[in-house]
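In: take a look and give me a structure for this.
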Amino acid sequence: EALKAADQLAARGLAPTVVDARFAKPLDTALIDQLARNHAVLITLEEGAEGGFGAYVMHHLARTGLLDRVRFRPMTLPDTFIDHNTPDEQYNQAGLNAAHIVATAVSALGAAGGSRQSA
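Out: Numbers count the residues shown, from 1 in each chain. Coordinates of the predicted model:
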């Protein structure tokens, strides 16, 4: 879904960066710092509840002062039961499909003025 969203954002003339964060701990702080410094928006996606990878990233950004310079949007599973369905429909219900990712990025870029890349 992240790659689909990146293609859709690129079609709008934006330059997204997709990073596969294979593990939450230890957090790759050098990569997070580079992304925050060179992008207007940083979005984390996780198929888990709040309090995971996105929270680690946000804590790091806040502690280093980088949260002041990047629009950060964590996207996680909602705190609700998602009925059994196709994976595509479950992503849709969870708000984690490409359309939701694009909407989150565009909304954040609108607030950020779109002066740097989106991540």
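In: low-scoring pLDDT stretches of the protein, where are they?
Out: The chain contains residues with pLDDT under 70 at 111-119.
In: where does the residue nearest in space to the middle of it fall, phi/psi-wise?
Out: In the chain, the residue lying closest to the centroid (Cα atoms, centre = their mean) is Ile43, at 1.8 Å. In terms of degrees, to the nearest 10, the main-chain angles of Ile43 are phi -120, psi 130.
In: quick one: secondary structure of the residue nearest to it when sequence neighbours are not counted?
Out: Excluding its sequence neighbours, the residue lying closest to Ile43 (Cβ to Cβ, 6 or more residues apart in numbering) is Arg73, at 4.7 Å. Bear in mind the C-beta positions are built from the backbone N, C-alpha and C, glycine included. Three-state call for Arg73 (DSSP: H, G, I helix; E, B strand; the rest coil): strand.
In: any idea how far Thr80 is from Arg73?
Out: 19 Å (Cβ to Cβ, to the nearest Å).
In: in terms of neighbours, single out the busier of the two.
Out: Arg73 (18 against 8; other Cβ atoms under 10 Å).
In: the more buried one touches Ala108, doesn't it?
Out: Yes - if you go by Cβ atoms under 8 Å, Arg73 and Ala108 touch, sitting 5.4 Å apart.
In: now the common contact residues for those two.
Out: Common contact partners of Arg73 and Ala108 (Cβ atoms under 8 Å, 6 or more residues apart in numbering): 41, 43.
In: rewinding a little: give the contact list for the residue nearest to Ile43.
Out: Each residue near Arg73 by Cβ under 8 Å, 6+ apart is listed here: 41-44, 104-105, 108.
In: the residue nearest to the centre of the chain reaches His100, doesn't it?
Out: No - Ile43 is beyond contact range of His100, at 10.3 Å (criterion: Cβ under 8 Å).
In: spit out the residues that contact those two alike.
Out: Shared contacts of Ile43 and His100, counting by Cβ under 8 Å, 6+ apart, come down to Met75.
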